[in-house]
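A.B. asks: quick one: sequence and predicted model below, then my questions.
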Amino acid sequence: VQLMKTTLDAIGEINPTVNALISIRNREELLKEAAIADSSPRKGWLHGIPTAIKDMANAEGIATTMGGSPLFRRNNIATENDIFVQNIVDAGAIIIGKTNAPEHGLGSHTFNTQWGTTFNPFNTTLSAGGSSGGAAVALSTRMLAIVDGSDMMGSLRIPAGWNNIYSIRPTAGMIEPSQPNAFLPHPISTPGPMARTPTDLCLLLETMAGTDRFNASLLSSTRSVENIRIGWLADWGGALPFEEGIIPLCADALNVFTKNGADGSVDLISKPPFDSELLWNSWTTIRSKLLADQFLHDYGESKVFNAEPPLKPEILWEIERGLALNDTTIEEAQEIAKGWCSCVTNLFEKYDILALPSSQVWPFPAECRWPETIAGKNMDTYHRWMQVVVPGSLAGLPCATIPVGFNENGLPMGMYLMGPRNSDAKLLALAERYHSKIDWPSKRKPSNERMNRG
C-alpha cells in the first residue's frame, strides 16, 4: 500500500507538468488493490508494482483511445487485456492507467487533441518523442518503474534516447499480439519493454513475450558479448543528415566496448551498405499500404474519411497514399526489402552487432508537429526525420536502445544496437555490460527546475 501511495503522490506532483499518464484510475480503488496484493501470496516479480499501459493496447476496465483518436472516446472501456498486458498482470503488476501516445501511434511526437502533449522532462518546452512518449517520460521521471511501449518506426527507440532510458524493440513477432502481413515475413510493428536498467528490460521482455519465447536467465551469460564486433553505421556513409553533436556523442559511447580493458572492436562502416533511398521507398510503400488496409478493414471508409473531428492529416496522408499504390510498386518494395534482409544477413557474418543513433535530431519544440529541416536538408514528409530507424524496422530485427549522454543544452540522446533476428539476449547482455560501466539513468535525472515550464 505504501508503494502505491508514494507512486500516486509522485504522479500527482509530476504528471501535471509532463502529461505522461492518462486515464488514471480512482485512488481508493488502487489502494484497495494494493492492500489485497499485500495480503496475498506473491504472484510474480511484479507483485504489487504499479504500472501503466501504452494507450495503443487494451487493459481491462480502462479506456482505449488509441492515442486520443477521434474514432475512439473515453468511454471506450476495454473488456479484456491484450495478451502481453495479461502477462504483466499475471506477474503481479497493478495497472493504474495508460501512458499517452500520438493519434494511432503515428509520428514520433506525442500529442493529440483528446489528451494533449507529453513534454520532455529534461526541458518541458520540448518533445518527449513518440509514440511511446508517455511511457518514456513516466519512467524517466520515476513516476513508474517499468512500462511497455511499441515500435513500428522508432516508437521505442526515439523516446528512449530522448528520455535517458533503455528500451528494446524485440525480434518482430516475439510478443503477441502481432499482426502478420502479406508484404513482409514478419510483423511491421511490435510491443516491447522500456526500463531504467537492462536487467529490468530483460525481465519485462520475458514477461511480455512469455517464457516459451524468451528466457531472461540468458542475460547472465556474458560470454555472448566477449570479443564483440560492432559495425558503426553512423550517418549511413553521409546519406542521412544529423543535427550537430549526435554522431560524435554516439561514437564516444561505443568506446565503452573497446577501451579500459574491454575486449570488443568497433569498425566505422564508411560506405553505405545499402542505398538509403531504396530502403526508404520500400519501407514507406509497405507502411502506407498496410496502414490503409488496416484502417479501412477496422473502421470502414466512411468512418475514416468522415470522422469528426477529422483524423490528423498525417494519418489521412498515409491512407490516401496507400490506396493509390499499384501492385507493381508494392512488389518492387517487397523485392527491395528482401534485398536488404539479404544484405544485413551478410553484414552479420562480419559483425555481431550494428549500431546507429536512435534519432537524427535532438528533442524539438513541443509546438512543432515535426522537424522540417535537418542540417539544412528539407524533410519531404512528416516522418522523414525518423529515417535512421528504418533499417531495423524493415528487417524486423531486435534493436536495443542505450542512453549515450547529453549535449551542452542538457538534452539526452540514445543509440540503438541492432542484431540478427532472435539475438535479443545478446543485445541485452551488451546493454548490461554498457550499463555496468556508465549508468546514465542514475547519473543524470530530470531536475525539478527543468520540469518547471516557462
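C.D. replies: Perfect, I can see it now.
A.B. asks: for residue 424, what are its contacts?
C.D. replies: Contacts for residue 424 (CB atoms under 8 Å, 6 or more residues apart in numbering) come out as 168, 170-171, 174, 205, 214, 398, 400. Any C-beta I mention is one placed from the backbone N, CA and C, and that applies to glycine too.
A.B. asks: residue ranges of the helices in the stretch 301-450 of the chain, please?
C.D. replies: Taking DSSP state H, counting those that start in this stretch as the criterion, the stretch 301-450 of the chain contains helices spanning 301-305, 313-324, 327-350, 390-395, 424-437, 440-443.
A.B. asks: quick one on the thing from earlier: columns neighbour count on top of the contacts of residue 424, output as CSV?
C.D. replies: Formatted as CSV, the contacts of residue 424 follow (neighbours: other CB atoms under 10 Å):
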residue, neighbour count
168, 31
170, 29
171, 25
174, 24
205, 27
214, 21
398, 27
400, 34
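A.B. asks: what's the closest of those residues to residue 233?
C.D. replies: Minimum distance to residue 233 across these is 15.0 Å, recorded for residue 400 (CB to CB).
A.B. asks: that closest one contacts residue 417, doesn't it?
C.D. replies: Yes. Counting by CB atoms under 8 Å, residue 400 does reach residue 417; the two are 4.8 Å apart.
A.B. asks: overlap in contacts, these two.
C.D. replies: With CB under 8 Å, 6+ apart, residue 400 and residue 417 have common neighbours 427, 430-431.
A.B. asks: I'd like these as CSV, with distance to residue 224 and pLDDT appended.
C.D. replies: Shown next, in CSV, are the shared contacts of residue 400 and residue 417 (distance: CB to CB, whole Å; pLDDT from 0 to 100):
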residue, distance to residue 224, pLDDT
427, 10, 96
430, 8, 96
431, 12, 96
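A.B. asks: most neighbours among these, which one is it?
C.D. replies: Neighbour tally across these (other CB atoms under 10 Å): the maximum, 31 neighbours, falls on residue 427.
A.B. asks: need the nearest residue in space to that residue, chain neighbours excluded.
C.D. replies: In space, and not counting its chain neighbours, residue 427 is closest to residue 400: 4.0 Å by CB to CB, 6 or more residues apart in numbering.
A.B. asks: report the contact partners of that neighbour.
C.D. replies: Shown in contact with residue 400 (CB under 8 Å, 6+ apart): 166-169, 198, 201, 416-417, 424, 427-428, 430-431.
A.B. asks: if you skip the residues just before and after it, what's nearest to residue 289?
C.D. replies: Of all residues not flanking residue 289 in the chain, residue 322 sits nearest, at 4.6 Å (CB to CB, 6+ apart).
A.B. asks: let me fix that: residue 228
C.D. replies: Excluding its sequence neighbours, the residue lying closest to residue 228 (CB to CB, 6+ apart) is residue 264, at 4.2 Å.
A.B. asks: per-residue pLDDT, the one you found?
C.D. replies: Residue 264 is assigned a predicted lDDT (pLDDT) of 94.
A.B. asks: a markdown table for the shared contacts of residue 400 and residue 417, including distance to residue 108?
C.D. replies: What follows is these, written out as a markdown table (distance: CB to CB, whole Å):
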| residue | distance to residue 108 |
| --- | --- |
| 427 | 21 |
| 430 | 24 |
| 431 | 21 |
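A.B. asks: tell me the one of those nearest residue 36?
C.D. replies: For these, the closest approach to residue 36 (CB to CB) belongs to residue 431, at 35.0 Å.
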